[in-house]
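> Mind looking at a prediction? Sequence and model below.
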Amino acid sequence: MQTFSIAVIAGDGVGQEVIPEAKRVLAAAGERFGFALEYSDFDWGSDHYFRHGRMMPEDALDRLRPHHAILLGAVGHPRIQDNITLNGLLLPIRRAFDQFANVRPAVLYQGVSSPLAGRKGGDIDMVVVRENTEGEYAQVGGFVHHSTSDEVAVQTSVFTRRGVERVIRYAFELALRPMSSSPPTCSAIF
């Protein structure tokens, strides 16, 4: 039986609730398909920030590198600005491991009502694929007249040809696969 090493960052809030359930689902999948998982839990996130002044330790990427995958829960706290969680944890991980595609399944299950008129369980089954390291994550911009009444903020999205092509290619390859098959190989599913 093949064993995979999984780094787990439960994160904050709902992440603390979702990760244990995700582990239960993965255990059931392992039993059904004949693989095992070994977890290394890392307590990085907002609580780590409050204790140490940073979202994760300096050697975090080196500590994640030996693992086959990273299971990451929600990250964020009302008392911490989003740019701190983004630049202190999420973007360093995404960039270091080239996690370029953000893949989000959207399914309307039986018995769940939808705010969309006339839709019922089974009517919605799609996957949203978007850029995960460029675009709004390129962080090109800044301030003029910072902290004055004339302050202006500028934010620019940057999309490279390489970045756009690989996300589009990933999405099209995913769309061509039968629903029951696995997603295309990509070190970028988060």
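Perfect, I can see it now. A quick note: this is a predicted structure, and the numbers were derived from the prediction, not measured.
> And stretch 89-98, how far out from the chain middle?
10 Å (CA atoms, centre = their mean, to the nearest Å).
> avg pLDDT for it?
Across stretch 89-98, pLDDT averages out at 95.
> Can you get me the start-to-end distance on it?
The first residue of stretch 89-98 is 14 Å away from its last residue (CA to CA, to the nearest Å).
> Quick check: buried residues in it?
The neighbour-count check on stretch 89-98 (16 or more other CB atoms under 10 Å) flags 89-94, 97 as buried. For every residue, glycine as well, the C-beta is placed using N, CA and C.
> go on, stretch 43-52?
For stretch 43-52, by 16+ other CB under 10 Å, it's 44-46, 48-49.
> Could you list the residues in contact with that stretch?
Stretch 43-52 is contacted by residues 9-12, 15, 54-57, 60, 75-77, 79-80, 84-85, 88-89 when judged by CB atoms under 8 Å, 6 or more residues apart in numbering.
> quick one: average pLDDT of it?
97.
> cool, stretch 151-164 as well?
Throughout stretch 151-164, pLDDT has a mean value of 93.
> Give me the contact list for that stretch.
Contact partners of stretch 151-164, identified using CB under 8 Å, 6+ apart, comprise 100, 131, 133-136, 138, 140-145.
> Which of the residues you listed fall in strands?
With DSSP state E as the criterion, strands contain 131, 135-136, 138, 140-144 from among those.
> related to what we said a few turns ago, can you turn the buried part of the contacts of stretch 43-52 into a ChimeraX selection?
ChimeraX command restricting those to the buried ones, with burial defined by 16+ other CB under 10 Å:
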select :9,10,11,12,15,55,56,60,75,76,77,80,84,85,88,89
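> Show only the entries of the buried residues of stretch 89-98 found in helices.
The helices, defined by DSSP state H, take in 91-94 from those.
> Dump those to TSV, plus distance to residue 127.
Shown next, in TSV, are these (distance: CB to CB, whole Å):
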residue	distance to residue 127
91	23
92	26
93	22
94	19
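> Nearest to residue 67 among those residues?
residue 93 (11.4 Å; CB to CB).
> so what's that closest one up against?
By CB under 8 Å, 6+ apart, the neighbours of residue 93 are 60-61, 64, 70, 72, 99.
> what about the helix or strand containing residue 168, distance to the chain center?
Taking DSSP states H and E as the definition, residue 168 sits inside helix 161-176. Its chain's average C-alpha position is 17 Å from that of helix 161-176, according to CA atoms, centre = their mean.
> how big is the angle separating it from strand 135-144?
Put simply, helix 161-176 runs at 150 degrees to strand 135-144, going by axes from the mean of the first three to the mean of the last three CA atoms, to 10 degrees.
> Same question for helix 161-176: list its buried residues.
Buried residues in helix 161-176, counted by 16+ other CB under 10 Å: 163, 166-167, 170-171, 174.
> which one of these is nearest residue 31?
Comparing the buried residues of helix 161-176 against residue 31 with CB to CB picks out residue 174 as the nearest, at 26.4 Å.
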